[in-house]
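>>> Model the structure of this input:
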Amino acid sequence: MTNDFAHHPVDPESAAALAATGLRYDLVDTTDRAAFEAWFQADSRGFHGSALSKDQVDSGFAGITYRRTVGVWDKRLAAPEVPIATTSSWTEQVTVPGGRSIDAWAISSVTVSPTHRRRGIARALLEGELRAAADMGLPMATLTVSESTIYGRFGFGQAVFAAELTIDTSRATLATRERRGLLQHVDPSAFVAEAPAIFERVRLTTPGQINVWPLRWEQIAGTAAGDDEYTKNTRIVRFDDDEGVPRGFVVYRVAGGDLDFTKHTLTVDYLLSETPEAYEALWRYILDVDLVREVKAGLRSVDEPLQWLLTDMRAAQVAPIDHLWLRILDVSASLNARTYSSATQLGFEVSDDLGFTTGHYVLETDEAGAPDARRVESIPEGTPSVSLSVNELSSLYLGGVTVSSLVSAGRVVELTEGAAAVVERVFHSPTTPWLSVWF
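Residues are numbered from 1 along each chain as shown. Alright, predicted model coming up:
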């Protein structure tokens, strides 16, 4: 595997395809501040963001230039130094079932200027990223999406879902229990300093989580340059256990109530807890804040424990969305990276429109769930087997998507009767996959 991923050259096939249309596809020299600023401004514009201030550019220059930064340029434009398309990628750790993580190619900042739509640029960018990742020996790629209709054509599948909670505080009460530990407001700098260590202690317990980068912690805390309104209104509360050890944080804002001061909306921007005690205490605090009628919390688990703490579960409305998408590039390496729920032998007939993973595979697991996955010429007769595309295999990989639903939708086909139930049992994750950030 190439360790210096930031300097891995752009894919020659995509470069040639774009050059044939008069466009240049290349790496951005992220040591050149002017070149990075031109790319960063194009990235912001691509997501309908405002022009970035000097402080925002400085923040990005310090926080994300370790990544492989790619642009597409059109020399005919009045400002030829500004890319008309962007991507930003890096090697990331994704937690998988079994309390471990796998290397994955994280893809972000995928934009194409509206002036250059429908020219195959996005396809060249995405296929170029996948070929680069495969060339570096990475077993899978991953991304979070702003549009959910684009990435299936490149072999990605929805693997982790998130939920937005909307809670009516007039109905939301928690069962009375002994209150322990200490809650206190803290400065954002305390969150930036202490939250990463707590997160790292729990990251491997939840499939789908990634190793959050430093700038993202600053953005959550409101200490990064950017949204002054967010920074001004952000409040942070920390929970310390009875020994005085920090075990969790909640980052939130309160707004509204202009006409009726009792009807504020409280938005939970991030809630991190290391223990059930910290989780309950932080949620109890949020639901008890005075003069708040509604609480909103995004990017929560679709299996959020809060629903089971509430005396009236209907006080919380849950709206799920697809969040983390995976794209397996090496089936054997990916299947061998996680553990499984029981001993079995399974066969997979995988199709892949881009050709990375097409073939037959056998997965054997022992009583401890340890895997031995390998590519084969043909699946041994009598092996419980299914036929599926790499999209579906990628969706099933973390154990949060049911095989039965994909069979019912016609997206997984049983090659042997009852095979889907075996896959369901073996791939199931006891902890619902969840990712707490965007990237």
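
>>> beta partners of the residue most central in space within the chain?
The residue at the geometric middle of the chain, judged as the C-alpha nearest the mean C-alpha position with C-alpha atoms, centre = their mean, is Leu324 (4.2 Å). As for beta bridges, Leu324 partners with Thr144, Val160 under DSSP bridges.

>>> Beta-bridge partners for Val96, please?
Bridge pairing for Val96 - DSSP bridges - gives Arg100.

>>> wait, what's in contact with the nearest residue to Pro384 once chain neighbours are set aside?
In this structure, Pro384 finds its nearest non-sequential neighbour in Ala419, 3.9 Å apart by C-beta to C-beta, 6 or more residues apart in numbering. C-beta coordinates here come from the backbone N, C-alpha and C atoms, glycine included. When contacts are counted by C-beta atoms under 8 Å, 6 or more residues apart in numbering, Ala419 touches Leu346, Gly347, Pro384, Ser385, Val386.

>>> next one: the helix or strand the second one falls within to chain centre, how far?
By that I understand Gly347. In this structure, Gly347 sits in strand 344-351 according to DSSP states H and E. Taking C-alpha atoms, centre = their mean, to the nearest Å, one finds the center of strand 344-351 at 26 Å from the center of the full chain.

>>> can you tell me how far the residue nearest to the centre of the chain sits from His8?
Note on Leu324: its distance to His8, by C-beta to C-beta, to the nearest Å, is 23 Å.

>>> and if you look at Thr86?
Relative to His8, Thr86 is positioned 17 Å away (C-beta to C-beta).

>>> ranges for the strands of the stretch 301-439 of the chain?
316-328, 344-351, 359-365, 371-376, 385-389, 412-414 (DSSP state E, counting those that start in this stretch).

>>> Now Glu13: closest residue in space, sequence neighbours ignored.
Beyond its immediate neighbours in the sequence, the residue positioned closest to Glu13 (C-beta to C-beta, 6+ apart) is Arg131, lying 6.7 Å away.

>>> Is that neighbour located within a helix, as I assumed?
Yes: counting by DSSP: H, G, I helix; E, B strand; the rest coil, Arg131 is located in a helix.

>>> Use 343 as the first number for this chain going forward.
Happy to do that; since the first residue is 343 now, the last one works out to Arg473.

>>> Let's see the pLDDT reported for Val732.
Val732 is assigned 98 on the pLDDT scale.

>>> Wait, it touches Gly697, no?
No: Val732 is not in contact with Gly697 according to C-beta atoms under 8 Å; the separation is 10.0 Å.

>>> For these two, indicate the residue with more neighbours.
Between Val732 and Gly697, counted using other C-beta atoms under 10 Å, the more crowded position is Val732 (26 against 10).

>>> mind listing what that one touches?
With contacts taken as C-beta under 8 Å, 6+ apart, Val732 has the following neighbours: Gly497, Gly499, Arg669, Ile670, Val673, Val692, Ser693, Asp694, Phe698, Thr699.

>>> can I get the contacts of Ala761 in a markdown table with neighbour count, pLDDT and distance to Lys605?
Rendered in a markdown table, the data for the contacts of Ala761 read as follows (neighbours: other C-beta atoms under 10 Å; pLDDT from 0 to 100; distance: C-beta to C-beta, whole Å):
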| residue | neighbour count | pLDDT | distance to Lys605 |
| --- | --- | --- | --- |
| Leu688 | 23 | 98 | 54 |
| Gly689 | 23 | 98 | 58 |
| Pro726 | 20 | 98 | 56 |
| Ser727 | 23 | 98 | 57 |
| Val728 | 25 | 98 | 52 |
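
>>> Which one of these is nearest to Asp385?
Ranking those by separation from Asp385, with C-beta to C-beta as the measure, puts Val728 on top at 39.6 Å.

>>> list the contacts for the closest one?
Taking C-beta under 8 Å, 6+ apart, one finds Leu688, Gly689, Phe690, Glu691, Val745, Val754, Val755, Glu756, Leu757, Ala761, Ala762, Val765 in contact with Val728.

>>> before we move on, back to that, so what touches the strand holding Gly689?
Outside of strand 686-693, the residues that reach it under the criterion C-beta under 8 Å, 6+ apart are 673, 699-707, 721-722, 725-732, 735, 757-758, 761, 764-765, 767-768.

>>> between that strand and strand 727-731, how big is the angle?
Regarding strand 686-693 and strand 727-731, their directions subtend 30 degrees when assessed with axes from the mean of the first three to the mean of the last three C-alpha atoms, to 10 degrees.

>>> Poorly predicted segments of this protein, please.
Flagging of the chain using pLDDT under 70 yields the residue ranges 343-345.
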